[in-house]
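[1] Predicted model and sequence below, questions to follow.
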Amino acid sequence: MDTILVSKEVILTDAEKIERGQDLVKELQAIDNLTLEAKQQAKNFKTLIETHEMTRDDLTQAVLTGVEERDFHCIREKDTKAGVWRYIEVDSDGVVTETIVKEVPFGPEDFQMEIGEEVQE
């Protein structure tokens with residue numbers, strides 16, 4: 001004898017209603033958790049995309065202009081006569097080179113002399 005599966009509506013008992021209610025709460029919690037996780041993942045992907053876009057922009061500028069910014073290990077030297085901070089490159093062995101990487105004009109606070117500081121002539 002072959003059987004066939006047929007569905008029909010039945011009235012739930014009070015115990016079944018409680019069980020289905022507990023299952024419903026679990027499903028709602030799972031949906032909330034997944035929604036929060038999806039939002040967090042979207043933020044993570046947005047950050048990754050923005051990082052790649054910044055790198056793309058930097059590379060585009062380098063290709064178009066032939067110039068890029070690079071980091072150099074430097075010492076900072078105060079030149080009170082010229083009114084500038086001079087950043088001088090230090091090589092990988094810690095030896096100070098003669099290469100001036102950058103000069104930055106003093107700000108107002110830089111014109112204050114420290115006690116014991118000698119005046120350059």
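    Great, that's in hand. Numbering: from 1, shown residues only.
[2] and the one helix or strand Asn44 maps to, average pLDDT?
    For Asn44, the enclosing helix or strand under DSSP states H and E is helix 14-65. On average, the pLDDT along helix 14-65 is 97.
[3] next one: stretch 97-109
    88.
[4] List the contacts of it.
    Under the contact criterion C-beta atoms under 8 Å, 6 or more residues apart in numbering, stretch 97-109 has outside partners 72, 74, 82-91. Every C-beta, even on glycine, is put in place using the N, C-alpha and C of the backbone.
[5] what's the most distant pair in the residues you listed?
    In the contacts of stretch 97-109, two members sit farther apart than any others by C-beta to C-beta. They are Gly83 and Asp91, at 27.6 Å.
[6] one step back: which is the next helix or strand following the helix holding Asn44?
    With DSSP H and E, the next secondary element past helix 14-65 is strand 74-79.
[7] Extract the C-alpha trace of that next one and format it as CSV.
    Taking C-alpha atoms only, strand 74-79 is exported to CSV below (Å, rounded to 0.1, in the frame of the first residue of the first chain):
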residue,chain,number,x,y,z
CYS,A,74,64.9,62.6,10.0
ILE,A,75,66.3,64.6,12.8
ARG,A,76,64.8,68.0,13.5
GLU,A,77,67.1,71.0,13.7
LYS,A,78,66.1,74.4,14.8
ASP,A,79,67.5,77.3,12.8
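[8] elements contacting the helix or strand that that strand is followed by?
    As assigned by DSSP H and E, the chain's next helix or strand after strand 74-79 is strand 84-90. Packing partners of strand 84-90 (3 or more C-beta pairs under 8 Å, 6 or more residues apart in numbering; DSSP states H and E): strand 74-79, strand 96-105.
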